[in-house]
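K.L.:
pasted the sequence and its predicted model underneath.
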Amino acid sequence: MNTPATPLQFRSADEASAFLSRLSLTDPAPTHRLLLQFFDALVRQPLPPTDQAVVLTQAEKPLAFLQEEAARHYLIKSLPYSGDDLARFQRTVTLWQQAGKAWRAAELPEGSGVDVAAILERALYCHGMALVEHLMARYQVPPGLWRTLHETYQEAERRGVADFPFQDHKGRNLSCSRSYVAVILFELSRPYSLSARELPLVWRWAKLMAKLARVVPLAENETPAFILDLGSDASIGKPLPGARDAADVRRLDTTDLASHVRKLRRRLDEGYSPKDLLLGEDVSSGDALRLVAHLRYPWSQEAIARPVDLRLPIGSARVVLGYNAIHYQLTGREMAKPKGPAAAHQYSRQDAERLAIFGASRENAASVRDQTAVKYSGETWALLEESASAYRIYRAGDGAKVAPGQLVALSLGHEPNAPFFLTQISSLMQTPEGGVVAKVRRLLGTARGVAIQALGTHLPAQALVGGFLIEAAGSDADAKPQLVMPRGWYQRLRPVELDLEPPLRCRLEKVLLSGHDFDLVECAPFA
C-alpha cells in the first residue's frame, strides 16, 4: 500500500474502515506511518462521534501490534537513541498522542453515561501510553504530556464519569480513573531504575492494581505530603507553597494499595507462587519478592523520587565506560584480544610474559601507550548529586553508549590523578537534547586490576581475561575474595589464578551481582 501524496480525508465511517482493512501488518514500518496519517485525518476532520468511536475501536488491534513492533527495535538499545531508533521512538509517541486526540474528537454531547466514559477512557489510555512509552524507553518526559493527561482526566470528572465502571468490547472492566491512576503508579515505581525485563512486568501490575488507589479531593485544611495538581505539567509531587489552587488539587489515596502490597510480600514469604497471587506465570518467586519490596515505598507514598535540576551541578566527574577501558585505567595495561581456542590450551606464565598480553612489543611500547591512553581517556560528566555510596551524573553532549546495569569507573574532582573506583549504573534516562542522566552505585571495597587465568583441563576459548579484585575495607581475615569479571565467563567451581605477588589461586563459588557487562563473583582460595 503506497503512502498517499495528499493528506487523508474520510467522508464516512465506511471509508475509514476500508482504509484500515487495507493496512498490511506484514510490513510494519511503512504501515506505522500510514496509521499515523489515519489518526491525523480523524483529528483534523472528525467523523460524527458515534462513527468516530466505532472506527477508532477497529483501529485498536493494528495500533497495538504496530506500536509493539516499533518499540521492540529501540527498547533493547543502549542510550542515547539516535538515527532510525530515535525517529522510530518519536513516531511511536506521536502516534499515541494523535490516537488520544482522535478519541477526544469523538466526544459525545454534554451529559454522562457509558459512551462518554468509554470514549474518555480510551483518550486517557492513549495519552497515558505516550507517557508510558517515555518511561519504558528511559527517555525524559517532555513538557505538555502530563498536562494533557490531567486535562483529559479533569474532563472525565466534569462529565461525572471519572469513576464510572464499564466493560469494553473485549469484556475488560475499565474506568477513566483506573487508566489514569495506572500511569501515575508506573511513574511512581522509579521506572528508570528498572531493568528491561522488569519494566513491562511493573506496568502490568500497575494496571492490575490501579483499582486499589483512588483520586480524591482534599478535605478542608488537609495538607498531604504529596499531591496531584491537575493544573500542572507534572506527576504527583510535593505541594509548592502558595501555588495551590483548590479546584485543581487532588490526593492519591493508596491506603488499600499499600495494604495489598504488604499482603503480597507476606504471601510470597510464605511460599505462595506469583501465579497464585495473580502476578503472572512469567516471573519467579525471587524476582516477584524483590519487585514487590521495591514498589512498597513509592506505592505507599512513603518515599517518592525527587526531580533533579540538570542546570545545577555540584561538581564534575571523570567517567570511563567499557570494560576494557576501565581495566586499562586501573592497570595501565591494555587487554589483548583472545587468540582463539588453540592458543588458550597452550598458555603458560612464560608465554604470557613473553607476549606481553596486557601490553605491547618493546619497540612500539611508547607510541602504543600514547594511542591507548587517548582511546581509553574517558569522558567528563557533571556531578548532580553525591551520597556515601551513590552518585547522579549527567552528560549533556555526545559520547559512548550506556546501558542499565553497566560497569562504570568514576573519579571525582578536577585532579587528573584522582583515583577511579568501580560503580554500576542503577538508573538511566535520556534527555530530549540527546544527553544522558545516570545514577551509579559504588561497588563496596577497593578495586585492583588483575589478570584472571583459568586453570584445569577444560579451558574456555578465552582462558585469560582482565578482572578486578575487590579488596574489602577493614581487616576481616575470614572475608572471601570477590572478583569482577566479564559477564558470561563465570563457571561454578572453576579454578583460577590471579597474577598477584605471590599468585593467588581460588575457585569461583557464586555470582553476587550480575550486571550488563560484568559479574561480581565470590571466590574460595586454595593452595
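P.N.:
Right, received. Where do you want to start? Numbers count the residues shown, from 1 in each chain.

K.L.:
so which residues make contact with stretch 109-125?
P.N.:
49-50, 53, 56, 100-101, 103-104, 106-108, 149, 152-153, 155-156, 159-161, 164, 166, 168, 174-176, 179-180 (C-beta atoms under 8 Å, 6 or more residues apart in numbering). Every residue, glycine included, has its C-beta placed from N, CA and C.

K.L.:
if we go to 7 Å?
P.N.:
Contacts with stretch 109-125, where a contact means C-beta atoms under 7 Å, 6 or more residues apart in numbering, come from 53, 56, 100, 103-104, 106-108, 149, 152-153, 155-156, 159-161, 164, 166, 168, 174-176, 179-180.

K.L.:
quick check: mean pLDDT of that stretch?
P.N.:
Stretch 109-125 shows a mean pLDDT of 87.

K.L.:
any idea what S273 is structurally, helix, strand or coil?
P.N.:
coil (DSSP: H, G, I helix; E, B strand; the rest coil).

K.L.:
so where's the stretch 1-150 of the chain uncertain?
P.N.:
The stretch 1-150 of the chain contains residues with pLDDT under 70 at 1-5, 112.

K.L.:
near L108, how many other residues are there?
P.N.:
L108: 18 surrounding residues under other C-beta atoms under 10 Å.

K.L.:
one more: S285?
P.N.:
Count around S285 with other C-beta under 10 Å applied: 16.

K.L.:
you'd agree it is up against E270?
P.N.:
No: checked against C-beta atoms under 7 Å, the pair S285 and E270 is beyond contact range at 10.7 Å.

K.L.:
can you select the buried ones from the contacts of stretch 109-125 in PyMOL?
P.N.:
Taking 16 or more other C-beta atoms under 10 Å as the burial criterion, the selection of buried members of the contacts of stretch 109-125 in PyMOL is written as:
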select buried, resi 53+56+100+103+104+106+107+108+149+152+153+155+156+159+161+164+166+174+175+176+179+180
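
K.L.:
mind checking which of the contacts of stretch 109-125 land in helices?
P.N.:
53, 56, 100, 103-104, 149, 152-153, 155-156, 176, 179-180 (DSSP state H).

K.L.:
of those, which is the nearest to P503?
P.N.:
For the ones in helices among the contacts of stretch 109-125, the minimum distance to P503 (C-beta to C-beta) is 61.0 Å, reached by L149.

K.L.:
would you mark the buried spots in stretch 251-269?
P.N.:
Neighbour-count burial for stretch 251-269 [16+ other C-beta under 10 Å]: 251-254, 257-258, 260-261, 264-265, 267-268.

K.L.:
next: stretch 192-203.
P.N.:
So for stretch 192-203, counting by 16+ other C-beta under 10 Å, buried means 192-194, 198-199, 201-203.

K.L.:
can you show me the strands along the stretch 401-527 of the chain?
P.N.:
Along the stretch 401-527 of the chain, the stretches classed as strands by DSSP state E, counting those that start in this stretch are 407-412, 421-430, 436-442, 446-454, 464-471, 482-486, 495-498, 504-514, 518-525.

K.L.:
including distance to Q90, mean pLDDT and mean neighbour count, could those strands go into TSV?
P.N.:
Putting these into TSV (distance: least, C-beta to C-beta, whole Å; pLDDT from 0 to 100; neighbours: other C-beta atoms under 10 Å) gives the following:
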stretch	distance to Q90	mean pLDDT	mean neighbour count
strand 407-412	28	95	23
strand 421-430	12	96	20
strand 436-442	17	97	22
strand 446-454	39	93	20
strand 464-471	39	93	22
strand 482-486	35	96	22
strand 495-498	47	95	19
strand 504-514	32	95	16
strand 518-525	32	96	20
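
K.L.:
M136: which of the ones you listed is closest?
P.N.:
Here strand 421-430 is closest among the strands of the stretch 401-527 of the chain (C-beta to C-beta), at 11.8 Å.

K.L.:
and the helices in the stretch 1-150 of the chain?
P.N.:
Counting by DSSP state H, counting those that start in this stretch, one finds helices in the stretch 1-150 of the chain at the ranges 13-21, 28-44, 49-74, 83-105, 114-136, 145-158.

K.L.:
nearest spatial neighbour of F39, skipping sequence neighbours?
P.N.:
Of all residues not flanking F39 in the chain, Q98 sits nearest, at 3.9 Å (C-beta to C-beta, 6 or more residues apart in numbering).

K.L.:
for A418, same thing?
P.N.:
S411 (4.6 Å).

K.L.:
distance of the most centrally placed residue in the chain relative to L79?
P.N.:
Closest residue to the average C-alpha location of the chain: Y192 at 4.1 Å, with C-alpha atoms, centre = their mean. Note on Y192: its distance to L79, by C-beta to C-beta, to the nearest Å, is 10 Å.

K.L.:
shared neighbours of those two, anything?
P.N.:
In contact with both Y192 and L79: 138, 428, using C-beta under 7 Å, 6+ apart.

K.L.:
ok so, going back, what's the closest of the strands of the stretch 401-527 of the chain to T92?
P.N.:
strand 421-430 (14.6 Å).

K.L.:
got the CA coordinates for that closest one in CSV?
P.N.:
Output of strand 421-430 as CSV, limited to C-alpha atoms (Å, rounded to 0.1, in the frame of the first residue of the first chain):
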residue,chain,number,x,y,z
PHE,A,421,36.5,3.4,41.8
LEU,A,422,34.0,1.0,40.3
THR,A,423,30.3,1.7,40.1
GLN,A,424,27.2,0.2,38.4
ILE,A,425,24.5,2.2,36.6
SER,A,426,21.3,1.7,38.7
SER,A,427,19.1,4.3,36.9
LEU,A,428,19.4,5.8,33.4
MET,A,429,17.5,8.4,31.4
GLN,A,430,18.0,10.2,28.1
